[in-house]
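Engineer: What follows is a predicted protein model with its sequence.
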Amino acid sequence: DALPILDAQLPPVPAGATAIAQGLFGPRGLKFGPDGSLYAALSGPGGTNSTADICPELQVAVAVGGPYTNGNTASIVKVDKKGNVSTVATGFPSALSKRPDVLGVADISFVDGQLFALTAGGGCSHGSLTPNMVAKVNEKTREWKMIANMSAAVMEHPVPVTPPDFEADGVFYNMIASQGKLYAVESNHGQIWSITPQGDVQVVTGISAVEGDRKS
C-alpha cells in the first residue's frame, strides 16, 4: 500500500538549517511573490477516482504505476516572512500512481503580479475529468480559472517518439515567466510550451526525437 509511505514521519531538519514551514504535502514549484512571500505548489494525496474506471485505454501501464487514483486535493500555499502558512487556492486535480508517484500543481509563476498555476495531475490518463491546465488564480477570492487546456494541447501535438511510460495528458514539470509570457516544460513527451496570460498556447520546441523520454 502506497499511503503509509506518503504518510511517513517528517525527516529531521539538516544541521545548520532552520525550518520555516513543515508538513507541506508534495511541495513542487516554489516562487517568491510580489509581496515577498514564498509560494509553493502542492501535489496533494490523490483521491478515489480511478483511471481504470473512466478511461482504462489511456491509463499508464501497470508495470510503470497505473492506474492513477485522483481527487481535487492539490493546492497552492504561501509562507510569509514570519513562517506563517496560508492557503492561496485549492481544488486542483491530484493523481496518485501505484509506483507511487503523486502529481498535482506542478509549478506557479507571476506575470505582472498575477499568479498562474500549472497542473500535472489533471486529465483522464490521471483519473480526472479536469484537464491539465494553466490556471489564473485570484488570491483575494481563492478562486481559479483555466486559461489554457494543456491536456488538449499535448494531444493535438503528438511526439515522434512515444516513451514506454507514455501519459496522454502529459506530465508538466515546471514553469517560468519571461517577457510577459509563461513557459512550461512537459517532461513525459519532451516538449516546451509558451502560454500568454490570455491563454494562447504554442509549442516552443520538442526534444523527443533527439533525446527520447527525459524527466528533467
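Structural biologist: Yep, it's here. Numbers count the residues shown, from 1 in each chain.

Engineer: looking at it, Met150 is touching Thr130, isn't it?
Structural biologist: No - at 11.4 Å, Met150 and Thr130 do not qualify as touching, with contact defined as Cβ atoms under 8 Å. Bear in mind the C-beta positions are built from the backbone N, C-alpha and C, glycine included.

Engineer: Any stretches of this protein with poor pLDDT?
Structural biologist: Counting by pLDDT under 70, the ranges of the chain that qualify are 1-9, 207-216.

Engineer: residue contacts, the most centrally placed residue in the chain?
Structural biologist: When Cα atoms, centre = their mean is applied to the chain, the residue found nearest the centroid is Ala106 (2.5 Å). Ala106 makes contact with Arg28, Gly29, Ala41, Leu118, Thr119, Ala120, Phe172, Tyr173, Asn174, Met175 under the criterion Cβ atoms under 8 Å, 6 or more residues apart in numbering.

Engineer: Can you tell me which of the residues you listed are buried?
Structural biologist: Among these, the ones that count as buried by 16 or more other Cβ atoms under 10 Å are Arg28, Gly29, Ala41, Leu118, Thr119, Ala120, Phe172, Tyr173, Asn174, Met175.

Engineer: What segments of the protein are strands?
Structural biologist: 27-32, 38-42, 49-50, 69-79, 85-96, 102-103, 105-111, 114-119, 133-138, 143-149, 172-178, 181-186, 191-195, 201-206 (DSSP state E).

Engineer: now for these, which one comes closest to Val161?
Structural biologist: Proximity to Val161 (Cβ to Cβ) singles out strand 201-206 among these, at 9.4 Å.

Engineer: list the buried ones in the closest one?
Structural biologist: Buried-residue list, strand 201-206, by 16+ other Cβ under 10 Å: Val201, Gly206.

Engineer: Contacts made by that strand with the rest, please.
Structural biologist: Outside strand 201-206, the residues that touch it by Cβ under 8 Å, 6+ apart are 148, 150, 153, 157, 159, 183, 189-195.
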